[in-house]
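Asks: could you look at this predicted model? Sequence included:
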Amino acid sequence: MSQKKEKFKVKEEARLLRKKSNRIEESRNKIKIKSREKSKTIKAYQDRQQELKDSRDDWKVKYKEQEKKNKELTKKLKNLASNLEITEEELQEIRDEFNEVKKKSHKGFGKPFQDTT
């Protein structure tokens, strides 16, 4: 009888070991699946991060171009404004001279030229 009990114990141990082995294998498979899902998620985040970095770099380049263009236009505007001031001053001098000449030549006839702008 002891041999039967021994065989039964061996079979029972083998059954328990197979059961434990199956549980471990299932657990390992679940861990693999979770690991794959996490790696996909991480990859998606890395891709998004790269897209954001590229977008930021593009924005910086465009910003610098626009800033340079803005400085050039500001410089041009200042030059035009200074030229316009000189032109206005010269125009006023010409008007004053015209009025003086008109007064002298007509001796009171007509009114002096007035700026209507």
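Replies: Arrived safely. Values in this document were obtained by computation on a predicted structure and should not be read as measured data.
Asks: looking at whichever strand or helix holds residue 77 now, give me its mean pLDDT.
Replies: Here residue 77 sits within helix 2-106, counting by DSSP states H and E. Here helix 2-106 scores 90 as its mean pLDDT.
Asks: report all helices and strands that that helix contacts.
Replies: In terms of contacts (3 or more C-beta pairs under 8 Å, 6 or more residues apart in numbering; DSSP states H and E), helix 2-106 is not packed against any helix or strand. Glycine gets a C-beta too; all of them are placed from N, C-alpha and C.
Asks: now find how far off-centre it is within its chain.
Replies: 6 Å (C-alpha atoms, centre = their mean, to the nearest Å).
Asks: model confidence for residue 114, exactly?
Replies: You'll see residue 114 listed with a pLDDT of 59.
Asks: so how far is residue 39 from residue 46?
Replies: 10 Å (C-beta to C-beta, to the nearest Å).
Asks: which of the residues in stretch 56-72 are classified as buried?
Replies: By neighbour count with 16 or more other C-beta atoms under 10 Å, stretch 56-72 contains no buried residues.
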